[in-house]
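>>> sharing a model that was predicted from the sequence below.
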Amino acid sequence: MSVKKPEVSMDDECLCSGDSCSENTLFKPKMDLSCLACMKSELSCCSMSKTACCIFPAHPAFNGVAQGRDDVICVGQGVGALVKPLCVTGEKPLCKAAGKGLCCSQRCAYPCDQDIVSGCSCCFIRCCKCAPFKFGVEPCVKKDNLDESAFGGFGAEYAEAKYDTQYILAACCCVICSIYNPDTYVDAFGYEVKNVCLCGECDGKSSLLPKNASGYDILIDNVGSCLCVKPKTLCKGTSRAMFTLTKCALPCDDEVPFAVACFGIKCIGNPPEGFKQPAFVDYLFKPIAEGHDKAAGAAPTADEIER
C-alpha cells in the first residue's frame, strides 16, 4: 500500500477529520487581531442564519460589516430568516453550512456538492472516498482556504416601518413614549431597538417582513449588530414595538429634550418637533353626555362604534 506524500504549505488548510457529508480543517491564522474572528453561515431546509463576531479592522471583512464608519473598533453581526424551502425543487440543498474561527474551519452539505469530498478522515488522514468508493490513505490533504466570500453578507433587506407624526403618551425626564398611526400593516410590523451606551452600540430587529415580498426570504426573524465604538455620549436609544416608540437620551438633547408628561398631558418642558398631543386628552375636560338606561336605540350600532 502506497502513501501519498503530503504537499501542504503553512498557508493551506489541512483536512483533519471528515465523514460522508462534512469536513473539518485546520490552518495557520495570521498573527494579528483577525485571528479572533468567528464566522458561520447555515441553511437548513427553510431556516437560514449567518453570524460574525470579533471582526476587527485587520480582518478582510471589516469594511463591509462596519459599513464604512470610522468610529468602529470591533463588530459582531447576525441574521436569521425563514426562507422558501427550495430544496423541494432542487434549487437549494437540504442543508449546507460553513464556519471559520481561530485556526479551524468546517464545511458540510447534504446532498454533497463540489465543496465537500465525501469520505472518511480522522487524525489528519483520509482513509477512503465514498463517492465513488475508493480506498487509499492520504495524509494532510490540502483544502482550499475558506475566505469571507463563502459567508456572503450578514445583513438582510427588510421592509422599514414609516411614520411621520408621533403622539406623545408619557415622558419622564430623559425618556419619551409615543405612538403613531401606521398607514399599512408593514408600518406596524416587527420590533426594533438601537442603543448606544459609552463604547457599546447595539442595533437589533426582529419579526420583520422582507423588502421583496416575492423574494427568497419569507420572514426576517432577527437581524442585529453589536459594535465597540469610540464613545460620543453617555446613553442614547430608540425602540419600536409595532406602532409604539420609546426614546431616551442622557444627557438630554434636541431629539429627546427634558420633559414630563402623563397620559399625553404635558407637565414640564416641551417634546421635540414632530410630536403632537393625542386627541383623547380633550375627553378628560369635556362634559359627559347624559346616558339613558332604556332609551330607544340605547345599544350602539356598528357604525357608531367605528366612529
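Done, it's in.
>>> how near is the residue nearest the centre of the chain to C54?
With distances taken as Cα atoms, centre = their mean, V223 lies nearest the centre of the chain, 1.3 Å away. Look at V223 and C54: by Cβ to Cβ, to the nearest Å, they are 19 Å apart. (Each C-beta comes from the backbone N, C-alpha and C, glycine too.)
>>> is the residue nearest to the centre of the chain within a helix or a strand, and which one?
strand 217-229 (DSSP states H and E).
>>> residues in contact with the residue nearest to the centre of the chain?
G78, V79, G80, G155, A156, Y158, G204, K205, S206, L208 (Cβ atoms under 8 Å, 6 or more residues apart in numbering).
>>> who's S17 bridged to?
N24 (DSSP bridges).
>>> what about it, how many residues nearby?
S17 has 17 neighbouring residues, counting by other Cβ atoms under 10 Å.
>>> isn't it up against C123?
Yes - the pair S17 / C123 is scored as a contact, 7.4 Å apart, by Cβ atoms under 8 Å.
>>> quick revisit: which parts of the strand holding V223 are buried?
Buried residues in strand 217-229, counted by 16 or more other Cβ atoms under 10 Å: D217, L219, I220, D221, N222, V223, G224, S225, L227, C228, V229.
>>> beta partners of the second one?
Assessed by DSSP bridges, L219 has beta-bridge partners L82.
>>> what about it, distance to C53?
24 Å.
>>> likewise the fifth one?
Here the distance between N222 and C53 works out to 15 Å (Cβ to Cβ).
>>> close enough to count as contact, N24 and C103?
No - here N24 does not reach C103: they are 11.4 Å apart, not a contact under Cβ under 8 Å.
>>> what ranges does the stretch 201-307 of the chain have for its strands?
For the stretch 201-307 of the chain, the strands defined by DSSP state E, counting those that start in this stretch occupy 217-229, 235-241, 244-250, 259-262, 265-269, 275-276.
>>> indicate which one of those is closest to K162.
strand 235-241 (11.5 Å; Cβ to Cβ).
>>> need the three-state assignment for the nearest residue to S239 once chain neighbours are set aside.
Once flanking residues are discounted, S239 sits nearest to V193: 4.3 Å by Cβ to Cβ, 6 or more residues apart in numbering. Of the three states, V193 takes strand under DSSP: H, G, I helix; E, B strand; the rest coil.
>>> still on that earlier bit, please produce a ChimeraX select command covering the buried subset of the contacts of V223.
Those of these that count as buried under 16+ other Cβ under 10 Å are selected in ChimeraX with:
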select :78,79,80,155,156,158,204,205,208
